[in-house]
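Q: have a look; sequence and predicted model below, questions after that.
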Amino acid sequence: MASLEFGTLVADPSTVDQPFESDAPANRGRRPVRWGRGVILFLAAVYFIVPFYAAMAFSLQKPTGGFSLSPLSQIASAPGFLSALWLSTQLAVITMVGVMLLMVPTVIYVHLRMPRFRRVMEVITILPIIIPPIAYATGILESAPAWLRSSQYLLAIVYVILAMPYVYRSLDSGLGALDLKTLVEASRSLGSGWISTIWRVLVPNLRSALMSASVLTIALVFGEFTIANVDNWTTIPVWIYLAPTDNPRVNTLVAMIALLATCVVLTLIVSLDRSQSRNSRSSS
Amino acid sequence: MTVPSDVDAPTPLPGVEGATRQSGAGGVGALVRTLRTSAPVLPFLAYVVVVLGVPTAAIVNYAFRSNSGHFTWANLHTILAGGQYRAGFETSLKLAFVTAIVPGILGTFIAYALSTSEHATFKRITSATSGVLAQFGGVNLAFMFIAAFAATNGVVTEWLRPIGLDPWNHGWSLYKFWGVAFVYMYFQIPLMILIVTPAFAGLRPAWREAAENLGASRWRYWRHVGIPVLTPAILGSMFLLFGSGFSAYATAEALTAGTVAITPIQIGSILQGNVIVGQNNIAYALAFAMIVILLVTVIGYVLLRRRTSRWLR
């Protein structure tokens, strides 16, 4: 997958769908020319659904015609798949812990005490997107010390940087929606320390922001191809690319499942986020 | 919606507070206070400097070093003078240009069609799917298109062949420039939809009503109000698409097994050691040139963004 592609900064699902919604009432009561819109959406749907359908059909087709789900059972036994899955899982866990430990306290602190530093953080967290992953990879391979270069954990260290834009933006909007000062002062005046304030007061309030940050981080780690490939580690996307091609159907199936699962999970997160914010709005 | 839009929002009283504090408290005390306030962000800054700053500095440094370690322009000269690396750059720029313009236009229309929909679940699905395709497509898209459009056994190819539309018979190849561009559309269009949608939300109904009350037709409304207001946003989004198409590596590598000669793939093959010994610093020069082009792209985007925010917010 495309690792961090350039446009990532705009594509946080928790923020994208707001403008959609705000437009709706404007057009109500109007008599729009529906057929134009229908034709556009139909053609777009064809362009996006046909290759997807084709790939599913390709990977699930039996040589005799008809479809079968048996390729699903071949995934686990495909050579190298499980070790690639294990590597990607490890990297995802380490990256997530790393990026959260680094970002959560920092962003909370900046919101509380150094609001002017938010601009700096915004600029810093765009950098991993502006620098092309392949260019970043050359820099990493040059400047990492030899002992680290031969370790797969180098990838996790780098992925923390790549995940920062997602995590920062989720946290920033999550914190923006809280009355942070009151929460912190209440918690501190009731005698809790900083760690327990963060852990017992702020984290529960930031649940949906943290969740979308985590999902995006996992999607990133499970999708990042560029750096893993040039550093010669067989993570899931590299496995999809390099796996022995005696049965390309299995690779294609894994690729499609990865794509579909990410779409479904992100849609759920977005929906959850919406309904939660609606609840909190109606209760306040 | 975007980070840059926040960046160039008006900054209230830039530097005033900092300036008075510095001159008033007289140096050391203020410095200590500033340091104490900023201490908690130091781990973050240190991490960024070490893991992002040092490698970037290394790129710039080695782009201007000969193999013996002296300063030189030779690497940049090599890639710009001609030969395969210059050709790779030209192909990359062309690919980025094509996949910014065409998906930019198509994405604008789709975004508009989507923005007129009132179905919340539909919007949620399309926006989440756009996000996934725009960011996490990569290798998966390559495999999807190989399954659909390969010359033999491609599912869609097999559909098209009986009706005489097999693109492979008309000089098209999935693994050459136009094939790669075709696949890039699959993540560029969703990216365009994501970026440009908020601009449509910013078109105020009052403008249309005013135009209608003054007797403007639908066409005249778009010609004199809608399109002029949206143009900077659309162009700015196309700049981002350009950057995205220019820096993409995964899809092209997986699709063509590294045979299409674009800059990211050339860098990748140098890094993986498929290169004459002693040309290593060429990779840094290529990476450096890519970063420069992306910086120019981002600056273009930010400038257009500034124009956009005059009308749309």
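A: Okay, I see it.
Q: so where's the stretch 1-150 of chain A shaky on pLDDT?
A: A:1-34, A:63 (pLDDT under 70).
Q: in it, which spans are strands?
A: Using DSSP state E, counting those that start in this stretch, no strands are found in the stretch 1-150 of chain A.
Q: residue B:109 and chain A, how far apart?
A: 5 Å (Cβ to the nearest Cβ, to the nearest Å). (Glycine included, C-beta is placed from N, CA and C.)
Q: just the pLDDT at residue A:284, thanks.
A: Here the pLDDT value assigned to residue A:284 is 39.
Q: what does residue B:14 give?
A: 41.
Q: same thing with the one 10 residues further on?
A: Reading off the confidence values, residue B:24 has pLDDT 47.
Q: now swap in residue A:194 and tell me
A: 82.
Q: and it, how many neighbours does it have?
A: 14 (other Cβ atoms under 10 Å in any protein chain shown).
Q: what do you get for residue B:89?
A: 21.
Q: list the contacts of it.
A: By Cβ atoms under 8 Å, 6 or more residues apart in numbering or on different chains, the contact list for residue B:89 reads B:79-80, B:263, B:289.
Q: can you pick the most crowded of the residues you listed?
A: residue B:263 (30 neighbours).
Q: return the residues in contact with it.
A: Per Cβ under 8 Å, 6+ apart, neighbours of residue B:263: B:85, B:88-89, B:91-92, B:286, B:289-290.
Q: what of residue A:86?
A: Per Cβ under 8 Å, 6+ apart, neighbours of residue A:86: none.
Q: I'd like the distance between it and chain B.
A: From residue A:86 to chain B the distance is 19 Å (Cβ to the nearest Cβ).
Q: quick one, phi psi at residue A:224?
A: phi -70, psi 120 (degrees, to the nearest 10).
Q: next, count neighbours for it.
A: 31.
Q: distance check, it against chain B.
A: 8 Å.
Q: cool, and residue A:69?
A: 17 Å.
Q: the residue nearest the centre of chain A: what's it in contact with?
A: Residue closest to the average C-alpha location in chain A (Cα atoms, centre = their mean): residue A:216, at 1.7 Å. Shown in contact with residue A:216 (Cβ under 8 Å, 6+ apart): A:12, A:163, A:166-167, A:170, A:266.
Q: show me the residues you listed that map onto helices.
A: A:163, A:166-167, A:170, A:266 (DSSP state H).
Q: circling back to that earlier point, narrow the contacts of residue A:216 to those that are buried.
A: A:12, A:163, A:166-167, A:170, A:266 (16 or more other Cβ atoms under 10 Å in any protein chain shown).
Q: dump those residues into CSV; add distance to residue A:95 as well.
A: Listed next are the buried ones among the contacts of residue A:216 as CSV, based on distance: Cβ to Cβ, whole Å:
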residue, distance to residue A:95
A:12, 18
A:163, 6
A:166, 11
A:167, 10
A:170, 15
A:266, 18
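Q: closest one to chain B out of those, please.
A: residue A:266 (4.1 Å; Cβ to the nearest Cβ).
Q: where's the closest residue to the closest one other than its chain neighbours, which helix or strand?
A: Computed as Cβ to Cβ, 6 or more residues apart in numbering or on different chains, the closest residue to residue A:266 that is not its neighbour in sequence is residue B:128, at 4.1 Å. Per DSSP states H and E: residue B:128 is located in helix B:120-136.
Q: quick check: mean pLDDT of that helix?
A: Mean predicted lDDT for helix B:120-136 stands at 83.
Q: and it, how far out from the chain's middle?
A: 18 Å (Cα atoms, centre = their mean, to the nearest Å).
Q: what helices or strands is that helix leaning on?
A: helix A:13-27, helix A:207-223, helix A:248-283, helix B:177-202 (3 or more Cβ pairs under 8 Å, 6 or more residues apart in numbering or on different chains; DSSP states H and E).
Q: which of these sits most buried?
A: Counting by mean count of other Cβ atoms under 10 Å in any protein chain shown, helix B:177-202 has the highest mean neighbour count of the helices and strands packed on helix B:120-136, with a mean of 25.
Q: and the angle from it to helix B:120-136?
A: 140 degrees (axes from the mean of the first three to the mean of the last three Cα atoms, to 10 degrees).
Q: how much space between the spatially most central residue of chain B and residue B:119?
A: The centroid of chain B falls nearest to residue B:244 when counting by Cα atoms, centre = their mean (2.6 Å). Using Cβ to Cβ, to the nearest Å, residue B:244 is found at 28 Å from residue B:119.
Q: low-confidence ranges, the stretch 1-150 of chain B, go.
A: For the stretch 1-150 of chain B (pLDDT under 70), the answer is B:1-26.
Q: which residue ranges of the stretch 51-200 of chain A form helices?
A: Remark: helices assigned in the stretch 51-200 of chain A by DSSP state H, counting those that start in this stretch are A:70-77, A:81-113, A:117-130, A:133-143, A:146-149, A:153-176, A:180-189, A:194-197.
Q: contact partners for residue A:110?
A: Counted by Cβ under 8 Å, 6+ apart, residue A:110 has contacts A:117-118, A:121, B:41.
Q: just flag the most distant two among these.
A: A:118 and B:41 (10.8 Å; Cβ to Cβ).
Q: most tightly surrounded among the helices of the stretch 51-200 of chain A?
A: helix A:133-143 (a mean of 25).
Q: my guess is residue B:194 contacts residue B:134. True?
A: Yes: between residue B:194 and residue B:134 there is a contact under Cβ atoms under 8 Å: 5.9 Å.
Q: please name the nearest non-neighbouring residue to residue A:172.
A: Nearest to residue A:172 is residue A:107, by Cβ to Cβ, 6+ apart, at 6.4 Å.
Q: now the helices for the stretch 201-313 of chain B?
A: With DSSP H, counting those that start in this stretch as the criterion, the stretch 201-313 of chain B has helices spanning B:205-213, B:218-221, B:227-247, B:250-256, B:263-271, B:280-311.
Q: wait, does the fourth one contact chain A?
A: It stands for helix B:250-256. Yes: contact check for helix B:250-256 against chain A, using Cβ under 8 Å from any Cβ of the partner chain: residues in range are B:250-251, B:253-254.
Q: next up, the contacts around residue A:142.
A: Contacts of residue A:142 (Cβ under 8 Å, 6+ apart): B:55, B:58-59, B:62, B:284.
Q: again with residue A:200
A: Counting by Cβ under 8 Å, 6+ apart, residue A:200 has contacts A:187, A:192.
Q: what separates it from chain B, distance-wise?
A: For residue A:200 relative to chain B (Cβ to the nearest Cβ), the value is 19 Å.
Q: can you tell me how far that residue sits from residue A:78?
A: Taken as Cβ to Cβ, the span from residue A:200 to residue A:78 is 44 Å.
Q: do the same with residue A:38
A: 42 Å.
Q: please apply the same query to residue B:281.
A: 39 Å.
Q: who has more neighbours, those two?
A: For residue B:281 and residue A:78, the more surrounded residue by other Cβ under 10 Å is residue B:281, and the numbers stand at 22 against 19.
Q: so how far is chain A from the more buried one?
A: In terms of Cβ to the nearest Cβ, residue B:281 sits 10 Å off from chain A.
Q: right, and that residue touches residue B:75 too?
A: Yes: Residue B:281 lies in contact with residue B:75 (Cβ under 8 Å); the separation is 5.0 Å.
Q: common neighbours of these two, please.
A: B:63, B:65-66.
Q: show me which of the residues you listed neighbour chain A.
A: Counting by Cβ under 8 Å from any Cβ, no member of the shared contacts of residue B:281 and residue B:75 reaches chain A.
Q: helices - which of those land there?
A: Going by DSSP H, the helices hold residue B:63 from those.
Q: dump the shared contacts of residue B:281 and residue B:75 into a markdown table; add neighbour count as well.
A: Shown next, in a markdown table, are the shared contacts of residue B:281 and residue B:75 (neighbours: other Cβ atoms under 10 Å in any protein chain shown):
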| residue | neighbour count |
| --- | --- |
| B:63 | 24 |
| B:65 | 17 |
| B:66 | 13 |
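Q: going by distance to chain A, which of the shared contacts of residue B:281 and residue B:75 wins?
A: Nearest member of the shared contacts of residue B:281 and residue B:75 to chain A, counting by Cβ to the nearest Cβ, is residue B:63, at 9.6 Å.
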